[in-house]
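1. Build me a model from this:
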Amino acid sequence: MRPRRIFTWHVHGNYLYYLAHANAEFFLPVLPGRAGHCGRGSTFPFGDNVHDIPADEVKYHQFDCILFQHRRNYEVDQFEILSPAQRRLPRICIEHDPPLDSPTDTKHFVDDPNALLVHVTAFNALMWDSCRTPTRVIDHGVVVPPNIRYTGELARGIVVINHLRERGRRLGCDIFEQLRREVPLDLVGMESKPLGGLGETFPPDLPAFESRYRFYLHPIRFTSLGLALIEAMLVGLPVVGLATTELVTVIENGVTGFIETDPAKLVEPMRMLLNDPAEARRIGEAGRRVAAERFNIDRFIRDWEATFDDVIGLKRHVPAQQPEELALVGGVA
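-> Predicted coordinates for the structure are as follows:
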C-alpha cells in the first residue's frame, strides 16, 4: 500500500514533527508572510516524507485527507488554497487546546458529523462541546535522543513557556513570579527575557538543556498537556505543577512528582528536590518510566495511522448543497 498523502498546515511544529514519524507523506503550503504557511521551515529536522508546496499550486495535487490544526485553517485557509474537489476529501481536525472562552460551554468550531475531531488529551475532549462531530482522543507521543538523560547538576528548577508575560494568569505568570521568590527558577521560551528569563532554546536542543536542571515546574492553570513537559519526563526530570487539567492523570503526587492546587504547597517539595539530589533522581526516574509507557512514539504513530486509515477507508461522498457546507466524508466513530 502506498503511503497516505496528508495535506496539513505547519501550526504546532513540535507536534507536527512527531506526527511526521508516521508512514505517510505530509504536504505543507508555503506562502511567505502568512501564518501556518511556512512549509517545513528550518527549526525541526523533518524527514523526506514532509514536502513543501507553493500555496498557489496546492489545488493541482492529489491528497487522501485534509488535516486541519487551527480554526483559521478550517474557516478561511481551505477556501483560499484548496480546490472544491479537495474540500470534499476526508478530513480531520486536531484540537490542540482546551476551550479558552467558557471552559464548559464553548461549542467547537467544527460541527460536522462527517468529519473527525481529534483531541490531544481526554481533558480537552471532556471540556469542549464537540456538537455533532465524532471525536477521538490520541495521547501525545514523544521521543528524545537515547543518549540524553537526567543529570540534575543545576540546583534550580526550569519553566518552559513561550510568551509567558503576554499570556498572563492562564499560563501562570503570577505563580511563576510568586514561586521564584521562594526557590531558584529559570524561565526558557520566546520573549522570556523581559521576565528575567534565558530566552528561547532551539526546540530539538530542549531535552538536553532541561536535563541539567533539578526539576521541571509547570505553573499553568489551564492548558493542554505540553510536549516540553513530556520531553522533560522522558529525560528523567521530576515534575512539580498545579493539580489541574490533564496533568493530574500523569503525575502521582509524591511518586512521579508533586502536584497541588495551592501553589504555596509546592514550595516545600521543590526545596526538598533541591536539597536531596538522590531523591530527585529517584522521583524523576519513576516519572520517566510512566512517560515512556504512556507517551511512547510507537503507540502514538499506531494510533494516528489507524485514524488515517479509518477516515480514508470509510469515506463516502455526501452531496453538497454549497461548497461552504463542507459535506465531505462519511461517518467516522
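
2. Please enumerate the strands of the stretch 151-300 of the chain.
-> Listed in chain order, the strands found in the stretch 151-300 of the chain under DSSP state E, counting those that start in this stretch are 154-160, 185-188, 213-218, 239-242, 257-260.

3. Of those strands, which stretch is the most buried?
-> The densest packing among these, expressed as mean neighbour count by mean count of other C-beta atoms under 10 Å, is seen in strand 213-218 with a mean of 28. (Each C-beta comes from the backbone N, C-alpha and C, glycine too.)

4. Please tell me how far that strand is from the chain's geometric centre.
-> Strand 213-218 sits 19 Å away from the centroid of its parent chain (C-alpha atoms, centre = their mean, to the nearest Å).

5. Name the residues that touch it?
-> Contact with strand 213-218 is made by 152, 154-160, 176, 179, 185-186, 210, 226, 229, 232-233, 237-242, 247, 266, 270, 273-274, 277, 280, 284, as judged by C-beta atoms under 8 Å, 6 or more residues apart in numbering.

6. For the strands of the stretch 151-300 of the chain, give me CSV that also has mean pLDDT.
-> As requested, these are exported to CSV (pLDDT from 0 to 100):
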stretch, mean pLDDT
strand 154-160, 97
strand 185-188, 97
strand 213-218, 98
strand 239-242, 98
strand 257-260, 98
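
7. do you know which of these lies nearest residue 119?
-> When these are ranked by distance to residue 119, counting by C-beta to C-beta, first place goes to strand 213-218 at 19.6 Å.

8. the inter-axis angle of the closest one versus strand 154-160?
-> Inter-element angle recorded for strand 213-218 and strand 154-160: 30 degrees (by axes from the mean of the first three to the mean of the last three C-alpha atoms, to 10 degrees).

9. mind listing what strand 213-218 pairs with, with the direction of each?
-> Using DSSP bridges, strand 213-218 pairs in its sheet with strand 154-160 (parallel), strand 239-242 (parallel).

10. in the protein, which spans are helices?
-> Remark: helices assigned in the chain by DSSP state H are 13-19, 71-72, 78-81, 122-127, 164-167, 173-180, 206-210, 227-235, 267-275, 277-294, 297-313.

11. From the chain's centre, how far out is the fourth one? Work that out for me.
-> It refers to helix 122-127. On the basis of C-alpha atoms, centre = their mean, the separation between the geometric centre of helix 122-127 and that of its chain is 14 Å.
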